[in-house]
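Q: Structure for this input, please:
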Amino acid sequence: MDLEKNLSTNPQTSDAKPVVAMLVTYFLWFLFIGNLTYLTLNFFNMPDWKFENILKINGFTILIWTTVTFFSAVVSSYAKSYLTGFQYYSKFMILCLTFTLSVMLLVMSNHIFLLLFSWLMMGVLMSQLIGIDKTWGEATEASKFTLKYFLTGTLFLSIGLLLLAFTSDQFTVTGLAKTVKDVPTYITMIAALCVIAAAIVQSAIYPFHRWLLSAMTAPTPASALMHAGFVNGAGILLSLFATLLFASDTLTILFVIGGLTAILAQFTKLLQVNVKQRLGCSTIAQMGFMIMQCGLGFFNAAVVHLILHGFYKAYLFLSSGEEIAQTKPEKTEPLKIKPFQALVVLIFGGLGAYLFILWTGKRMEMDSSVFLTLVVAITVGQATYNIVKEKSLSIVQKIVFPAVLFIAGIGIYALMYNGVTILMADMPMIAKPMPLSWVQIVFGFIFLIGFFVMKLRVYKKIPWLYVKLMNLSQPFNKSVLMFKSK
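A: Residues are numbered from 1 along each chain as shown. The predicted structure is shown next:
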């Protein structure tokens, strides 16, 4: 399943359990426990600390620190056994640590130059993790290919932020948030488009998705860190500059780009036979949903999404080997829903949407929050259908199980949503629903049509569409079986 190679077991060329790797693992767990303890004890009284307009620490900072250190600690612990005998094991652990520190630096950076530096370092370090095996030609090519994307994203971000900073004479994130409304419209538009470009490059949003599909040369622990942390950086970046996106009126662009990506990536996911490629397409789709949430004005929901996606995708990558060992090819059954099943799906989908509105404090008004509610209804409905079509369950079980699952699921989500909202309370415009526009309404129908076309697998009956989707989901050719093994 994995593409990683040269996992040498020769004791003369490997460092099975190096001291430096163990120290890195213990240090990452120490950071996580410290952050989690502080977050728990000061949840309702988070600091708003600044140092010389260079650094800042607030509730959002502690939240992201806690999240990223947890993922890094888990990945490093997993790597301790998974990469035993790998000749680049120590280098991997050091890169894992420095990448984690670069993310922590990003979220505490208040000065624009420091933020740009940390964004650049995240990309450079991740490209090094992707191509960590220097003896493998495909890994080297993948590293070079992905680095070009990361440098391009940094260039876009630099242009946007520096243009805004020199125009407003404000070189801090907090300063720009306060003065962006006074900047000429054409400047805010250019700056916002550049920030959006940087965000969608890093999150592998179409048409910048190919770097993520080409990054499968990374060892599985690196892939887990990449999909659980690195690609989520767009949600962090867009949340930091929410005021810029509102001032430039560019949120609809995010909504459309994210929605199209979510639909296309879900289609391409169904065509994949390689586990890691399928997980890669899944990540692209989830990042599309995250960008959509930003485009709807709910940056707090996007942050919740990136955290939950991190847990989910890290688990899937670290357990992907078990899936290969236990999964057997099965014939896909066509989607057929009986009247009773349809009724149960509609009832539970509606109830799930109502609970989501009630527990997250959203208003029952026709604004952009309608789309979040719609996604919840679809998700609950789909989960309900998967249960009610199961022949081994009784009618009572088919009624009870969906209710228990969606109440627990929505309850956990609502708890996280409200908690993240509290921690981000001092950040401007992180949850501001917008009036519905005709673009949103039209695209909402397109999204629904795309969802049902995907579920009904209509695309399999259209050869040109099938081929187009397959070609769209291919990695960079030099990152796949182009070199002889050494």
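Q: Show me what the mean pLDDT comes to for the helix or strand harbouring residue 259.
A: Using DSSP states H and E, residue 259 sits within helix 251-271. For helix 251-271, the mean per-residue pLDDT is 86.
Q: now the next helix or strand after it and helix 251-271, what's the angle there?
A: Next helix or strand after helix 251-271 toward the C-terminus (DSSP H and E): helix 275-295. Counting by axes from the mean of the first three to the mean of the last three Cα atoms, to 10 degrees, helix 275-295 lies at 160 degrees to helix 251-271.
Q: now helix 275-295: mean pLDDT?
A: Mean predicted confidence for helix 275-295 is 86.
Q: from the middle of its chain, how far away would the next helix or strand after it be?
A: The helix or strand immediately downstream of helix 275-295 is helix 299-318, counting by DSSP H and E. The chain centroid and the centroid of helix 299-318 are separated by 6 Å under Cα atoms, centre = their mean, to the nearest Å.
Q: same question, stretch 362-370
A: On Cα atoms, centre = their mean, the centre of stretch 362-370 falls 24 Å from that of its chain.
Q: Quick one: end-to-end distance for it.
A: 9 Å (Cα to Cα, to the nearest Å).
Q: Over to stretch 166-186?
A: 14 Å.
Q: now it: mean pLDDT?
A: 91.
Q: Give me the residues contacting that stretch.
A: 50, 53, 56, 109-113, 115, 161, 164-165, 187-188, 191, 240-241, 243-244, 247-248, 428 (Cβ atoms under 8 Å, 6 or more residues apart in numbering). From N, CA and C alone the C-beta is placed, and that goes for glycine too.
Q: list the buried ones in it?
A: 167, 168, 170, 171, 172, 173, 174, 175, 176, 177, 180, 183 (16 or more other Cβ atoms under 10 Å).
Q: phi, psi of residue 54?
A: The phi/psi pair for residue 54 (degrees, to the nearest 10) reads phi -110, psi -40.
Q: Which residue comes closest to it once chain neighbours are left out?
A: residue 111 (4.8 Å; Cβ to Cβ, 6 or more residues apart in numbering).
Q: for that neighbour, which residues make a bridge with it?
A: On the basis of DSSP bridges, residue 111 is bridged to residue 172.
Q: And the protein, what are its domain boundaries?
A: Using automatic domain parsing, the domains assigned to the chain come out as 19-320+470-479, 339-423.
Q: Quick check: phi and psi at the most centrally placed residue in the chain.
A: Most central in the chain under Cα atoms, centre = their mean is residue 232, positioned 3.7 Å from the mean C-alpha point. The phi/psi pair for residue 232 (degrees, to the nearest 10) reads phi -80, psi -10.
Q: which residues does it contact?
A: Taking Cβ under 8 Å, 6+ apart, one finds 203, 287, 290, 306, 309, 310 in contact with residue 232.
Q: Wait, the third one touches residue 235, no?
A: Yes: distance between residue 290 and residue 235: 5.2 Å, which falls inside the contact criterion (Cβ atoms under 8 Å).
Q: who touches both of the two?
A: By Cβ under 8 Å, 6+ apart, the residues touching both residue 290 and residue 235 are 203, 302, 305, 306.
Q: so can I have a markdown table of those showing pLDDT?
A: Shown next, in a markdown table, are these (pLDDT from 0 to 100):
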| residue | pLDDT |
| --- | --- |
| 203 | 91 |
| 302 | 91 |
| 305 | 89 |
| 306 | 90 |
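Q: which one of those is nearest residue 26?
A: residue 306 (26.5 Å; Cβ to Cβ).
Q: For residue 348, see how far away the closest one is.
A: 27 Å (Cβ to Cβ, to the nearest Å).
Q: And residue 326, what's its pLDDT?
A: 48.
Q: returning to that earlier point: list the contacts of the residue nearest to residue 54.
A: Taking Cβ under 8 Å, 6+ apart, one finds 53, 54, 55, 171, 172, 173 in contact with residue 111.
Q: Ok, residue 360 next?
A: 413, 414, 417, 418.
Q: Repeat the analysis, applying 6 Å as the threshold.
A: By Cβ atoms under 6 Å, 6 or more residues apart in numbering, the contact set of residue 360 is 414, 417.
Q: That one and residue 407, how far apart?
A: 14 Å.
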